[in-house]
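Visitor: My questions concern the predicted model and sequence given below.
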Amino acid sequence: MQNWDETLLSQYCASPTIKALLQSFNDAVDPVTDIANFYINIWNVNTAVGNGLDIWGQIVGVSRYLTTAATNYLGYQEANSVGSEAQPFNQAPFYSGTLATNTFALTDDQYRRLILVKAAANISNLSVPSINTLLRAEFGTSDGTNPYGQAYVIDNLDMTFTYYLKFVPSDLQLAIINNSGVFPRPAGVQMLVAHL
């Protein structure tokens with residue numbers, strides 16, 4: 001603590017033993033480093049990592065773990081089974097056994113971006129222009145470029161609206177739109193997702 005002796009009661013100021021104990025304690029427990037680490041790793045969302053981001057996720061209401069849809073696959077024996085989702089060449093990956101889970105954890109950078117977009121969605125009026133801004137924030141970069149392609153929403157004026165992705169989204173990107181709770185679906189409105 002800085003200037004701890006100024007907080008000492010006047011009746012103890014003349015006691016060298018008490019002052020020596022307090023000085024020794026102050027030298028051993030310097031909170032400056034801990035406060036700086038707390039600010040960097042937890043308080044500041046732009047620099048937070050791990051548990052700090054998990055705390056921010058709870059505050060804004062978004063989880064680090066997303067469940068993706070079952071993946072189609074290219075297969076042989078299982079293609080004959082009823083209800084099979086087997087696909088032809090150049091359409092799906094090879095079948096490699098059943099997945100233990102379809103739930104995946106976002107990396108810190110992915111999760112930080114999702115947290116910031118969810119925080120913006122929480123204070124947004126959720127009109128079409130504001131949803132488009134959220135899509136640009138999630139799928140764009142800080143300098144305004146779009147590494148994947150365009151992403152926008154259109155109100156179809158028939159109680160439906162469509163998220164258009166002008167790129168082939170990964171399963172994780174589809175899970176962010178469909179399952180994360182970040183991108184809204186107004187009550188009584190059907191949400192559709194269209195992509196290349």
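Guide: Now that the structure is in, tell me what you want to look at. Here the structure is a predicted model, which means the values were calculated and not measured.

Visitor: what helix or strand is the residue nearest the centre of the chain on?
Guide: Nearest to the mean C-alpha position of the chain, counting by C-alpha atoms, centre = their mean, stands Y111 at 2.7 Å. Assessed by DSSP states H and E, Y111 sits inside helix 108-122.

Visitor: residues making contact with the helix or strand following that helix?
Guide: Per DSSP H and E, helix 108-122 leads on to helix 128-139 as the next helix or strand towards the C-terminus. Helix 128-139 is contacted by residues 113-114, 116-117, 120-121, 124, 146-148, 151-155, 161, 163, 165, 173, 176, 182-184 when judged by C-beta atoms under 8 Å, 6 or more residues apart in numbering. For every residue, glycine as well, the C-beta is placed using N, CA and C.

Visitor: same check, this time on stretch 181-194
Guide: The contact list for stretch 181-194 (C-beta under 8 Å, 6+ apart) reads 61-62, 114, 117-118, 121, 126, 131, 134-135, 138, 159-165, 174, 176-178.

Visitor: what distance separates the start and the end of stretch 41-61?
Guide: Stretch 41-61 has an end-to-end distance of 19 Å (C-alpha to C-alpha, to the nearest Å).

Visitor: next one: stretch 43-50 to chain centre, how far?
Guide: 12 Å (C-alpha atoms, centre = their mean, to the nearest Å).

Visitor: Could you list the buried residues of it?
Guide: Neighbour-count burial for stretch 43-50, counted by 16 or more other C-beta atoms under 10 Å, picks out 45, 48.

Visitor: Next, the distance between the ends of it.
Guide: End-to-end distance (C-alpha to C-alpha), stretch 43-50: 12 Å.

Visitor: Kindly report the same for stretch 40-56.
Guide: 13 Å.

Visitor: before we move on, what about stretch 35-48?
Guide: Rule used - C-alpha to C-alpha; the end-to-end distance of stretch 35-48 is 14 Å.

Visitor: And for stretch 8-22?
Guide: Where stretch 8-22 begins and where it ends lie 10 Å apart, using C-alpha to C-alpha.

Visitor: Return the set of buried residues in that stretch.
Guide: Buried-residue list, stretch 8-22, by 16+ other C-beta under 10 Å: L22.

Visitor: and A151, bridged to which residues?
Guide: Following DSSP bridges, A151 is listed with bridge partners L165.

Visitor: Can you check the pLDDT for it?
Guide: With respect to pLDDT, A151 scores 85.

Visitor: contacts for stretch 36-56?
Guide: Contact with stretch 36-56 is made by 64, 108, 111-112, 115-116, 119, as judged by C-beta under 8 Å, 6+ apart.

Visitor: May I ask which two of the residues you listed are separated the most?
Guide: Using C-beta to C-beta, the contacts of stretch 36-56 span at most 16.1 Å, a distance reached by D108 and A119.

Visitor: more crowded one of these two?
Guide: A119 (17 against 14; other C-beta atoms under 10 Å).

Visitor: I figured the more buried one hits V60, correct?
Guide: Yes - using C-beta atoms under 8 Å, A119 is in contact with V60, at 4.8 Å.
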